[in-house]
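>>> Using only what follows, build the 3D model:
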Amino acid sequence: MTDGTLGHRIIDISIPVSEATPVWPGDTPFTCRWTWSMTDGSSVNVSTIGGSPHAGTHADTPLHVSRDGAASESLSLDAFRGPAIVLHVGGDARELTLDDIDGRLDAAGMRGAHIERLLLRTDRGIAAGAFPDAWPVLSVDCARALVSRGLRLLGVDAPSVDERESKTLDVHHALLDHGACVLENLDLRDAPAGVYVLDALPLSVVGLDAAPVRAILLH
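Down below sits the predicted model:
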């Protein structure tokens, strides 16, 4: 799709949300019901929705991992809009070191790039319709180093920036506790490695531990 005004190609990297969208095991699936229906004689169709804000593409908030953390209304919009690098890291479920990230940047012709927004394509997400068993994650030291270099946002196509079995959520803390933001459940299948403009503003809903996002890349 092309934005005729800006002259950019638009790549939709959002997961469509429906009752079939895979959610974290044990989390509340998305639901859609009808308050009024024209089929039943009403003058309008009015739907009502429910489910976890983690269903589909979303931004985690500090409240997600900290008892007194900031909620969804406090997310910085600046972090979710601007230049972003998509990096392919493969589907092996392992920790990625800073050397791994720098090596992939070199291989993609982006040696020494200043990274404010990094989107990791693991090809182990829910875009194909199933919840994955495992996926690659940054090591905690790598996450901290990227933040110290100026990282403002980490996005992943996987369900989490931490390993599936993690209970301490150390990568979340390495990012969120130091002012960086988190995007999860992206669909990066149509996004080759490279530099883009990210537009992924969180929905303005108050008091949540995560906010639904419609995310696009401009290329």
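>>> Not counting its neighbours along the chain, what's nearest Ser137?
Not Ser; residue 137 is Val. Glu163 (5.5 Å; C-beta to C-beta, 6 or more residues apart in numbering). For every residue, glycine as well, the C-beta is placed using N, CA and C.
>>> Can you name the residues that contact the one you found?
93, 134-135, 137 (C-beta atoms under 8 Å, 6 or more residues apart in numbering).
>>> Can you read off the pLDDT for it?
pLDDT recorded at Glu163 is 97.
>>> picking that back up, and the contacts of Glu163 as TSV, adding neighbour count?
Listed next are the contacts of Glu163 as TSV, based on neighbours: other C-beta atoms under 10 Å:
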residue	neighbour count
Ala93	16
Ala134	15
Trp135	24
Val137	25
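>>> Can you lay out those residues as JSON lines showing secondary structure, pLDDT and distance to Asp68?
Shown next, in JSON lines, are those (DSSP: H, G, I helix; E, B strand; the rest coil; pLDDT from 0 to 100; distance: C-beta to C-beta, whole Å):
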{"residue": "Ala93", "secondary structure": "coil", "pLDDT": "82", "distance to Asp68": "32"}
{"residue": "Ala134", "secondary structure": "coil", "pLDDT": "96", "distance to Asp68": "31"}
{"residue": "Trp135", "secondary structure": "coil", "pLDDT": "96", "distance to Asp68": "29"}
{"residue": "Val137", "secondary structure": "strand", "pLDDT": "98", "distance to Asp68": "25"}
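>>> My assumption is that the residue nearest to Val137 lies in a helix; please confirm.
No. Read with DSSP: H, G, I helix; E, B strand; the rest coil, Glu163 is coil and lies in no helix.
>>> Tell me where this protein has helices.
Per DSSP state H, the chain has helices spanning 98-107, 140-148, 170-176. These are given in chain order.
>>> List the buried residues in the second one.
Of the residues in helix 140-148, those scored as buried under the neighbour-count criterion (16 or more other C-beta atoms under 10 Å) are 140, 142-147.
>>> Using PDB, list the CA coordinates for it.
Output of helix 140-148 as PDB, limited to C-alpha atoms (Å, rounded to 0.1, in the frame of the first residue of the first chain):
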ATOM      1  CA  VAL A 140      19.900  -8.700  29.600                       C
ATOM      2  CA  ASP A 141      23.400  -7.200  29.100                       C
ATOM      3  CA  CYS A 142      22.600  -6.600  25.400                       C
ATOM      4  CA  ALA A 143      19.300  -4.800  26.300                       C
ATOM      5  CA  ARG A 144      21.100  -2.600  28.900                       C
ATOM      6  CA  ALA A 145      23.900  -1.800  26.400                       C
ATOM      7  CA  LEU A 146      21.400  -0.800  23.700                       C
ATOM      8  CA  VAL A 147      19.500   1.500  26.100                       C
ATOM      9  CA  SER A 148      22.800   3.100  27.100                       C
END
